[in-house]
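J.: Next come a sequence and a model predicted from it.
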Amino acid sequence: MTRDEVHRLMRGAMRHQRHGRRDALMIRLAFEHGLRVSELVALRWSAIDLVTHELRVTRIKGSLDGTHPLQGSTVRALKRYQRQDGRSSGLVFVNERGAPVSVDGFRRMLHRLSEQVLGVKWHPHALRHACGVHLINSGVDLRIVQQYLGHANIQNTVAYTALTGRPFERLVF
């Protein structure tokens, strides 16, 4: 999945989804911060600092936690969402009953939306992979990408270089 496809998904969510603002924001955060679905749905407002523009990422599966900078457009989207749709439960993403959005709920939404907008049924983990590939294609150092995605082992990050289709681009002979 490319950055442009992710942006098409976010626009599609705003147009086609009942909870478009929430769904587009979930897609944005999953992509921009390389979040796994379980990390995304467990996200709490207390992990987001809208003043310093920081997100404290709590990783799972033995990955390393970290603090990520939030982009201005993401901060604005979070503020809009908090003002209009945010609940007081502490969780960022809740359904209309105030319960947490489930991993399966997000997965089903992304399947439907990606098939509708892109013609391909994408799995949510593709957003995490898209983040890693985008960072590497943008020239970010492999160790920085490793830290950003919370990989304890660099071998997990090296896999993204093969996915870029350009692993030897920077070699000069």
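T.: That came through, no problem. Please read these numbers as outputs of a predicted model, since none were measured by experiment.
J.: residue contacts, residue 26?
T.: 40, 93, 101, 106 (Cβ atoms under 8 Å, 6 or more residues apart in numbering). In short, each C-beta sits where N, CA and C put it, glycine included.
J.: which one of those has the most neighbours?
T.: When neighbours are counted by other Cβ atoms under 10 Å, residue 93 leads the contacts of residue 26 with 25 neighbours.
J.: Closest one to residue 155 out of the contacts of residue 26, please.
T.: Checking these against residue 155 with Cβ to Cβ, the nearest one is residue 40 at 24.3 Å.
J.: contacts for the helix or strand of the chain at the bottom of the mean pLDDT ranking?
T.: Sorting the helices and strands of the chain by mean pLDDT, DSSP states H and E puts helix 154-163 at the bottom, at a mean of 77. Contacts of helix 154-163 from elsewhere in the structure, counted by Cβ under 8 Å, 6+ apart, are 129, 132, 133, 135, 136, 142, 143, 145, 146, 149, 151, 167.
J.: Make TSV from those residues and add distance to residue 115 and pLDDT to it.
T.: Formatted as TSV, those follow (distance: Cβ to Cβ, whole Å; pLDDT from 0 to 100):
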residue	distance to residue 115	pLDDT
129	18	92
132	23	92
133	21	90
135	26	91
136	27	90
142	33	90
143	36	91
145	29	91
146	32	91
149	26	92
151	30	89
167	30	47
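J.: re the thing from before, in helices only, show me the contacts of residue 26.
T.: 40, 106 (DSSP state H).
J.: Out of the contacts of helix 154-163, which end up buried?
T.: Buried by 16 or more other Cβ atoms under 10 Å: 129, 132, 133, 135, 136, 145, 146, 149, 151, out of the contacts of helix 154-163.
J.: Show me those that map onto strands.
T.: Among the buried ones among the contacts of helix 154-163, no member is found in strands (DSSP state E).
J.: now, among those residues, which is nearest to residue 15?
T.: For those, the nearest to residue 15 is residue 129 (25.0 Å; Cβ to Cβ).
J.: Thanks again, I'm all set now.
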